[in-house]
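A.B. asks: next one to model:
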Amino acid sequence: MRKKTLLSWSSGKDSAWALHVLRQQPEYDVVGLFTTVNAVFDRVAMHATRSQLLQLQAAAAGLPLHIIPIPFPCSNEAYAQAMQAFIDRAKAMDVTCMAFGDLFLEDVRRYREAQLQPTGIEPVFPLWGQPTDQLAATMLQADIETYVCCVDPRQAPVQLAGQRWDAPLLASLPAGVDPCGERGEFHTVVVNGPFFSHRIPIRVGEVVERDGFVFADIIPMQEGICR
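C.D. replies: Below you'll find the predicted structure:
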């Protein structure tokens, strides 16, 4: 029997690629996506992806989206409580696995494993341990289209914000910046790839600095109208 699986969806390339990998493994049946959304700004936590674009991504992936609202500001305790409530709902849905697009951060993996351990839900890390330079090359060869939506200026150049994540961008990264941004150097929003049934039209909007990070507003376009 295939394992009923929910995938943690950040709106970025790594979670999208995790979906692509899972769909090629008959062991797993991905039945939905889940995302934490800032309840004040109606945007994905950290990535600041508009919820409208998030919904369009889920539709292009052909999967239901489960939104987990979190307060702003959000303490570690409030985040853990929101996630635990969702995990309880997932158990009621007979979900047996939760998948994550993490690549190599051991502390993040241990946190997820500890949170799920009492529940019986299996944590799955389909991209874990892959060399990130090779993973980036594989994604680009598959014609993934994704844009940098958030930059930590303490770790990476602010000029990355709003740029397409592509081979020229990767070649321009300073030494020490992970090509996938796994240490939080930058975050992305994905709009096309083998995990979607169609491309999501977008435009890059305003770039702003807020709370020590630089954000580029990735704005969905429908029927030629920016909303």
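A.B. asks: the strands in this structure, which residues?
C.D. replies: 3-8, 28-38, 43-44, 65-70, 97-99, 122-124, 145-151, 186-192, 202-210, 213-222, 225-226 (DSSP state E).
A.B. asks: quick check: which of those is nearest to residue 160?
C.D. replies: Comparison of the strands of the chain against residue 160 by C-beta to C-beta identifies strand 145-151 as nearest, at 4.7 Å. For every residue, glycine as well, the C-beta is placed using N, CA and C.
A.B. asks: CA atoms only: put that closest one into PDB for me.
C.D. replies: Listed next in PDB are the C-alpha coordinates belonging to strand 145-151 (Å, rounded to 0.1, in the frame of the first residue of the first chain):
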ATOM      1  CA  GLU A 145      11.800  28.600 -13.300                       C
ATOM      2  CA  THR A 146      12.100  30.300 -10.000                       C
ATOM      3  CA  TYR A 147      12.900  33.700  -8.600                       C
ATOM      4  CA  VAL A 148      14.700  35.000  -5.500                       C
ATOM      5  CA  CYS A 149      12.100  36.500  -3.200                       C
ATOM      6  CA  CYS A 150      14.100  37.000   0.000                       C
ATOM      7  CA  VAL A 151      17.800  37.700   0.700                       C
END
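A.B. asks: ok, now which ones touch the residue nearest to residue 219 when sequence neighbours are not counted?
C.D. replies: If the residues on either side of it in the chain are set aside, residue 219 comes closest to residue 205, at 4.6 Å by C-beta to C-beta, 6 or more residues apart in numbering. By C-beta atoms under 8 Å, 6 or more residues apart in numbering, residue 205 lies in contact with 216, 217, 218, 219.
A.B. asks: closest one of those to residue 121?
C.D. replies: With C-beta to C-beta as the yardstick, the closest approach to residue 121 among the contacts of residue 205 comes from residue 218, at 31.3 Å.
A.B. asks: could you report the neighbour count for that closest one?
C.D. replies: The criterion is other C-beta atoms under 10 Å. On that basis, residue 218 has 25 neighbouring residues.
A.B. asks: neighbours of the closest residue to it other than its chain neighbours, how many?
C.D. replies: The shortest distance from residue 218 to any residue other than its chain neighbours is 4.6 Å, reached at residue 189 (C-beta to C-beta, 6+ apart). Neighbour count of residue 189, defined by other C-beta under 10 Å: 31.
A.B. asks: which ones are touching residue 189?
C.D. replies: Applying C-beta under 8 Å, 6+ apart, we find residue 189 in contact with 11, 12, 47, 49, 53, 146, 147, 149, 202, 218.
A.B. asks: kindly report the same for residue 160.
C.D. replies: Residue 160 is in contact with 148, 151, 169, 186, counting by C-beta under 8 Å, 6+ apart.
A.B. asks: and the two most separated of the residues you listed?
C.D. replies: The span of those, defined through C-beta to C-beta, is set by 151 and 169 at 11.6 Å.
A.B. asks: so for the two, which residue has more residues nearby?
C.D. replies: Here residue 151 and residue 169 are compared on neighbour count by other C-beta under 10 Å; more neighbours surround residue 151, at 26 against 17.
A.B. asks: what sits against that one?
C.D. replies: Applying C-beta under 8 Å, 6+ apart to residue 151 gives the contacts 157, 158, 160, 161, 185, 186, 213, 214.
A.B. asks: any stretches of the protein with poor pLDDT?
C.D. replies: Judged by pLDDT under 70, the chain has its weakly predicted residues at 222-227.
A.B. asks: so where's the longest helix in it?
C.D. replies: Residue-count comparison of every helix in the chain, with assignments taken from DSSP state H, identifies helix 76-92 as the longest.
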